[in-house]
Structure formats: structure tokens, C-alpha cells
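Enquirer: got a sequence here, can you model it:
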Amino acid sequence: MLSLLLIRNKTKKIKKEVGSLQRVYNFSAGPAVLPAEVVRTVQEELPSYRRSGMSIMEISHRSSLFTDLQETAETDLRKLMQIPDNYDVLFLQGGGTLQFAMTAMNLAVKTKRVGFIDSGHWAQRAMEETALVKGTKAVVIASSKNQKYTQLPKIEPITGQFDYLHLTVNNTIEGTMYHQIPAELKKFPLVGDLSSIILGYNYQVTDFDLIYAGAQKNIGPAGLTVVILKHELLQNAPELPAMLSYPKQVQKHSALNTPPVFAIYVAGLVFKWLLAQGGVAAMQEKNEQKAQLLYAEIENSKLFKSPVAVEDRSLTNIPFVTGSAQLNQLFVAEAQAVGLLNLKGHRSVGGMRASLYNAMPLAGVKRLVEFMQEFERQHGGRN
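Expert: Model (predicted):
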């Protein structure tokens, strides 16, 4: 049995050595890996954006330099996601977490009832925040809590009145994902949290009335939240403080206050990169290839296991375990030593988690699989 002291000593040694590695692969769930080409462009342009003599971090959000940048980013996002003209696009702040309450404040105006698909941690957080909005009731209409969220909730016919339903489309922590939006949910106004799957899978915007996504997983650096919503939703929104009001944010083109200029700039570069890769459909194909490679290794292994039901497995967030907490710790430590970073699973699930967002290259997944095979030969008796 491995001792905790041995693991701690190895971890300390690794922290000293990992900085000297020339190539690493970052499997963090967020903030997450960015395309190498985008990082290089940022580095090149940082001292003087478009030869202005000013860094992108210094330019005015009222200048044509920024307004052109933002308009281009929105145009490219609309192209990538095929966003119809009757949907508005906002570049906001506060992360997906602010949207848990902001959606309720703007949309829960008639019945004051919001229906939730309880599929894991972030769905629960959304429910908790919604319930804090005065007069609003968060109602669980389906849950897989009894299955420890290792599968998606079964959607039965929905009765009752709701201002909207809320769906966490990809569960970053638990590793589950809706590959198709259940038809029953489309009978109601639908709000989708796409934070960890946006632009990585070819969902139809028209299946939703509102989509939100924190940028730090599949779009860019933390500090930006993308919101896509039907324009007709603005008609019934109540009077709210400006920063919490969708109509007021739309009217001011997301610039009620100083927007997250740098984050929008990087997001725009990522959108250009995605278009050059062939768009969302092409990224979905690449993500499926990466995920299938890792899932195949887990299935063929005698040491590693996936806790997630096969039909509900995520393409972008893949948890796996050995069955031994000490072996899990050793795996994470030794993986870091060879440049495979941030593989520790979330504390509520344990084990390991590999996040395979758009910017994670296939080479990184292949290297992870090779390391898993090496580790199993040493610790799991693999031939």
C-alpha cells in the first residue's frame, strides 16, 4: 500500500521539476487551455494593439478600436452558432453564476415558477440562486440525485406552469452531457447553461430561448460571460438596476459600464481560430475523436473506471477513477511530472478528470492515454 508520505514527497519534488518541462498539456476544467495560436497572437499584439501605441488593456471601451473589435466578435460568434437575427448577443460580466439569478430576475415575471433539471452541482447552484430572488420558486422537475448524478435525469411529461425551464447542458464536474435537447423541454421557454460545451458541440440556438456561458472553459479568459437571448424576452422584463437588466444591457450594447475589454479581445481571436478550423461542426468531430480515444482506454483498462453511464458521457469533461484514493493521488502527481497538468478530479467526485475542450490537441489526449498505460503497467498489473 502506498504511503501518504511517499505521495507527498513525490508531489513536492514534482513541483520543483515541472517548471523545466518544455511541453505541457493543461487538462483543467477552467480556466482552461487556450489555442496556442491565439496565445502567440496576444503576445505579439499586447504592446501595441493595431499599431495604436496602446496595449489592448489600455484602450478606451468608447473608442472605435474597441467597438470594431466587439462588433467583429459578435459577427463571428453569430456565424459560428448560426444565431438568428431575432436573438441578441451580450458580452457581460459576473460569470455563469450571476446568470443563475439574473435569468430569474428578468424572466420569472408571470408565474414566478422556474423548473429545473437537477443534473448535478451547477444545476443545484442555479436552483439555490434562483430561490433567493424574492417571490420566485425553484421547482425540481427531474433529478438524478439518487443515482449520484452518474447519469442524466429521466424527463417525464411536464405538468404545471413555469416562466421557463433551466437546463445545465454539460455537467463539468459529474461528466454528463445532453447530446440531444429533450423534446419535452422545448414545450416551455428554455434557458440553457452551455458554459463547458459552447462551441464544442453543434447545438441549435433555436432550441433555447436564452443561452449563457462563462467564457473561461471553451471561449477565453475568465471575466466574460456570453448571453444569447430571444429579443421578445425583453418585452416582459421588469424594471431592474441597469447591470441586472437584459433590456438595458441590449440597449447599451453590453457597455453600461466598462466591459471586460481584454477578455472580449481574446474571445474574438478564439472565434477567428474556430472559423479557421472549420467551425463548430468540425470542432465537434475533433472532440468526439478525442473523447472516444480516452473512453476506449478507460474501457479497456483493468485499473481505470468511468463512473458515468455510457449513453450520457460528456465529450469535454471526463472523470475516471482507480478505486484507490492513494493510487489516484499518485497518478495525478506522476502525471504532473511528465507535463500532464490539472488532472485532479473535483472534490465531490474524486479521482481524476480530463477536460478536453476545443483547444486541447489530439496529441495531448494521446499522451495521456500513453501515460495511463504506463501507470497501469507499474501499479495495476497490465501486461
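
Enquirer: so where do the helices sit in this protein?
Expert: Using DSSP state H, the helices found in the chain span residues 4-17, 36-45, 64-81, 95-107, 121-131, 246-251, 261-277, 279-300, 325-337, 362-379.

Enquirer: nearest to H346, out of those?
Expert: Comparing the helices of the chain by their distance to H346 (Cβ to Cβ), the top pick is helix 121-131, with 7.7 Å. All C-beta atoms are positioned from the backbone trio N, CA, C, and that covers glycine.

Enquirer: how about TSV for the helices of the chain, with mean pLDDT, distance to G350 and mean neighbour count added?
Expert: Below are the helices of the chain laid out as TSV (pLDDT from 0 to 100; distance: least, Cβ to Cβ, whole Å; neighbours: other Cβ atoms under 10 Å):
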stretch	mean pLDDT	distance to G350	mean neighbour count
helix 4-17	57	15	13
helix 36-45	96	31	13
helix 64-81	97	34	18
helix 95-107	97	23	22
helix 121-131	97	13	19
helix 246-251	97	38	18
helix 261-277	98	31	21
helix 279-300	98	15	17
helix 325-337	96	7	20
helix 362-379	96	17	17
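
Enquirer: these: which one's closest to I219?
Expert: Closest among the helices of the chain, once you apply Cβ to Cβ, is helix 261-277, at 5.0 Å.

Enquirer: ok now that closest one, how far from the chain's centre?
Expert: How far helix 261-277 lies from its chain's middle: 16 Å, per Cα atoms, centre = their mean, to the nearest Å.

Enquirer: and if you look at stretch 129-137?
Expert: Relative to its parent chain, stretch 129-137 has a centroid offset of 24 Å by Cα atoms, centre = their mean.

Enquirer: please apply the same query to stretch 371-383.
Expert: Offset of stretch 371-383 from its chain centre (Cα atoms, centre = their mean): 31 Å.

Enquirer: quick one: contacts of that stretch?
Expert: 297, 301-304, 322, 327, 330-331, 334-335, 338, 340 (Cβ atoms under 8 Å, 6 or more residues apart in numbering).

Enquirer: on that earlier part again, how about the helices of the chain in JSON lines, adding distance to L194?
Expert: Shown next, in JSON lines, are those (distance: least, Cβ to Cβ, whole Å):
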{"stretch": "helix 4-17", "distance to L194": "35"}
{"stretch": "helix 36-45", "distance to L194": "20"}
{"stretch": "helix 64-81", "distance to L194": "10"}
{"stretch": "helix 95-107", "distance to L194": "9"}
{"stretch": "helix 121-131", "distance to L194": "11"}
{"stretch": "helix 246-251", "distance to L194": "17"}
{"stretch": "helix 261-277", "distance to L194": "14"}
{"stretch": "helix 279-300", "distance to L194": "12"}
{"stretch": "helix 325-337", "distance to L194": "28"}
{"stretch": "helix 362-379", "distance to L194": "22"}
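
Enquirer: circling back: next, give me the two most distant ones among the contacts of stretch 371-383.
Expert: The largest separation in these, counting by Cβ to Cβ, is between K302 and V338 at 21.8 Å.

Enquirer: in terms of neighbours, single out the busier of those two.
Expert: Shown here are K302 and V338; by other Cβ atoms under 10 Å, V338 has more neighbours (19 against 10).

Enquirer: from the contacts of stretch 371-383, pick the one nearest R40.
Expert: Checking those against R40 by Cβ to Cβ gives L340 as the nearest, at 22.2 Å.

Enquirer: ok, the closest residue to V38 other than its chain neighbours - contacts?
Expert: Of all residues not flanking V38 in the chain, L269 sits nearest, at 4.6 Å (Cβ to Cβ, 6 or more residues apart in numbering). Applying Cβ under 8 Å, 6+ apart, we find L269 in contact with 38, 41-42, 220.
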